[in-house]
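>>> predicted model, plus sequence, below.
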Amino acid sequence: MSDKPLTVYEDMKSKGYSRRDFIKFCGMMAAFIGVASTGVSKVVKALESKSRMPVVWFHFQECTCCSESFIRSSHPMVADILLDNISLDYTQTLQAPAGYQAEKSLQDVMKNFKGQYLMLVEGSIPTGDDGVYCCIAGKSAIDIVKEAAKDAKAVIAWGNCASHGCVQGAKPNPTGAQPVHKVISGVPLINVPGCPPIAEVMAGVIVHLLAFDRIPQLDGLKRPKEFYSRRVHDTCYRRPNYDAGLFVQTFDDENAKRGYCLYKMGCRGPVTYNACAVIKWNNGVSYPIQSGHGCIGCSEANFWDNGPFYQHLASFPGFGIETTADKIGVVAGIATAAGIAAHAITTNIRKGKEIKEEIKESDHSQKEDNV
Ligand code: FSX
Ligand code: SF4
Ligand code: F3S
């Protein structure tokens, strides 16, 4: 048997997945990362030829919900395939080894795969008092991050904690919690905020790296544009109510039952960049606003300090300093602009659906290949 590492496809085959599963997976991923239907073949080609990518996944000051979000993805194939195909060599919550053995795995990856491994970080880094507030195997989180980042191919900061500091970084921030990008430099870094981030977004970012061997296009805050270029407000299904000036005034009023806009209940959708209103959660079942609660801006920096959560914003960027919810129903041009934005993102998702349909079609004509 050759020592050559298995490609993603070979590895899937060895685990009993069919060719059809593989194509379906590539189609799903192509849809998430927003490539056109012609892009599916690129993803297929890449995953047929690329070997597994060594990965180290760190946990610092966090609640582990980012991992939970990912492994409990309602597309079991996504987490299953990705966890198999990123070679998760070190992760404190999922790895089999413990103690010295676990730390040896980490050292082995850093030594044997210099410049090739992907570093995933969940949690903020406490920098106060020489980093004593989070230590693993006798080392502080800050030292671990700096050491591992030095030879990483790229770093992904999962969730609000690693991207922005989250609740640990909120005032008075007793541990001096900092996001990853504040403690390392000189290595490509992607922020994937959200508390936690959406599983499909996490999967999309990993597949982008796996398939195209480069980081996705990022915005000024190092967030992948595919998922963070629109405000929740731009794609929210309650948006027509907002434009018409129809608001919930208390959580138990008639307007709440009618599903009116939650802006006056403190919704942060107008200042929050995330894909929740489009991709949603639990296999597209719902998202906070659809469940009757305003967005609390969990993907934004300082969201804990930007409260109180249940008090509406006095104004927000893009709508004019003086614009308030009471006047907004008459600002017609805005609705058009938002409509265009919403269209752009929903087109991507629709495109995804079309891609899936195409795959279904070709599935019918393709003989099952279960080698
Ligand atoms: Fe943070 Fe991850 Fe919030 Fe938790 O572990 S982003 S606390 S939901 O999820 O790091
Ligand atoms: Fe949706 Fe909130 Fe915007 Fe209202 S304010 S349209 S509930 S995102
Ligand atoms: Fe977070 Fe707002 Fe989405 S609270 S989960 S960004 S709707």
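Now that the structure is in, tell me what you want to look at. Residues are numbered from 1 along each chain as shown. Ligands and ions are numbered 1, 2, ... in the order given.

>>> which residue packs closest to residue 281, ignoring adjacent ones?
residue 287 (5.5 Å; C-beta to C-beta, 6 or more residues apart in numbering). Every C-beta, even on glycine, is put in place using the N, C-alpha and C of the backbone.

>>> go ahead and confirm the one you found touches residue 280.
Yes: counting by C-beta atoms under 8 Å, a contact exists between residue 287 and residue 280, whose distance comes to 4.7 Å.

>>> okay, now the unreliable bits of the stretch 51-200 of the chain?
The stretch 51-200 of the chain contains residues with pLDDT under 70 at 73-87.

>>> and the residue of it at minimum distance from ligand 3, what does it touch?
Using C-beta to the nearest ligand atom, the single residue of the stretch 51-200 of the chain nearest to ligand 3 is residue 194, 5.8 Å away. Residues in contact with residue 194 (C-beta atoms under 8 Å, 6 or more residues apart in numbering) are 159, 160, 201, 274, 276, 298, 299.

>>> quick one: the helices in the stretch 251-371 of the chain?
254-258, 276-279, 325-328, 332-365 (DSSP state H, counting those that start in this stretch).

>>> can you give the distance of the first one from its chain's centre?
Meaning helix 254-258. 32 Å (C-alpha atoms, centre = their mean, to the nearest Å).

>>> for that helix, list the C-alpha coordinates in CSV.
Output in CSV follows, covering the C-alpha atoms of helix 254-258 (Å, rounded to 0.1, in the frame of the first residue of the first chain):
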residue,chain,number,x,y,z
GLU,A,254,-51.1,41.8,19.0
ASN,A,255,-48.3,43.1,16.7
ALA,A,256,-46.0,40.4,18.1
LYS,A,257,-48.5,37.8,17.1
ARG,A,258,-48.8,39.3,13.7
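
>>> residue 287 and residue 280 - which one has more neighbours?
residue 287 (22 against 17; other C-beta atoms under 10 Å).

>>> got a pLDDT number for the more buried one?
pLDDT, residue 287: 97.

>>> next SSE after the helix or strand hosting residue 24?
When elements are assigned from DSSP states H and E, residue 24 belongs to helix 19-32. Toward the C-terminus, helix 19-32 is succeeded by helix 37-49 as the next helix or strand (DSSP H and E).

>>> residue 179 contacts residue 164, doesn't it?
Yes: counting by C-beta under 8 Å, residue 164 is a contact partner of residue 179 at 5.2 Å.

>>> quickly list what's touching both of the two.
Common neighbours of residue 179 and residue 164 (C-beta under 8 Å, 6+ apart) are residue 191.

>>> dump the residue contacts of residue 104.
Contacts of residue 104 by C-beta under 8 Å, 6+ apart are residue 97.

>>> about what we covered before: would you convert the contacts of residue 194 into JSON lines that also reports neighbour count and distance to residue 222?
Converted to JSON lines, the contacts of residue 194 look like this (neighbours: other C-beta atoms under 10 Å; distance: C-beta to C-beta, whole Å):
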{"residue": "159", "neighbour count": "30", "distance to residue 222": "14"}
{"residue": "160", "neighbour count": "31", "distance to residue 222": "14"}
{"residue": "201", "neighbour count": "27", "distance to residue 222": "14"}
{"residue": "274", "neighbour count": "26", "distance to residue 222": "15"}
{"residue": "276", "neighbour count": "24", "distance to residue 222": "19"}
{"residue": "298", "neighbour count": "21", "distance to residue 222": "17"}
{"residue": "299", "neighbour count": "31", "distance to residue 222": "13"}
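
>>> might you enumerate the residues of the stretch 1-150 of the chain proximal to ligand 1?
Counting by C-beta under 6 Å from any ligand atom, the stretch 1-150 of the chain comes close to ligand 1 at 62, 63, 64, 65, 66, 122, 123.

>>> let me see the contact set for the last one.
Each residue near residue 123 by C-beta under 8 Å, 6+ apart is listed here: 58, 59, 60, 61, 62, 134, 141, 159, 161, 162.

>>> keep only those of those that are in helices.
141, 159, 161, 162 (DSSP state H).

>>> now these in JSON lines, with distance to residue 184?
Formatted as JSON lines, the ones in helices among the contacts of residue 123 follow (distance: C-beta to C-beta, whole Å):
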{"residue": "141", "distance to residue 184": "12"}
{"residue": "159", "distance to residue 184": "17"}
{"residue": "161", "distance to residue 184": "15"}
{"residue": "162", "distance to residue 184": "11"}
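
>>> of those residues, which is the nearest to residue 247?
residue 159 (30.7 Å; C-beta to C-beta).

>>> pretty sure the closest one contacts residue 64?
No: applying C-beta under 8 Å as the test, residue 159 and residue 64 come out as separate, 9.8 Å apart.
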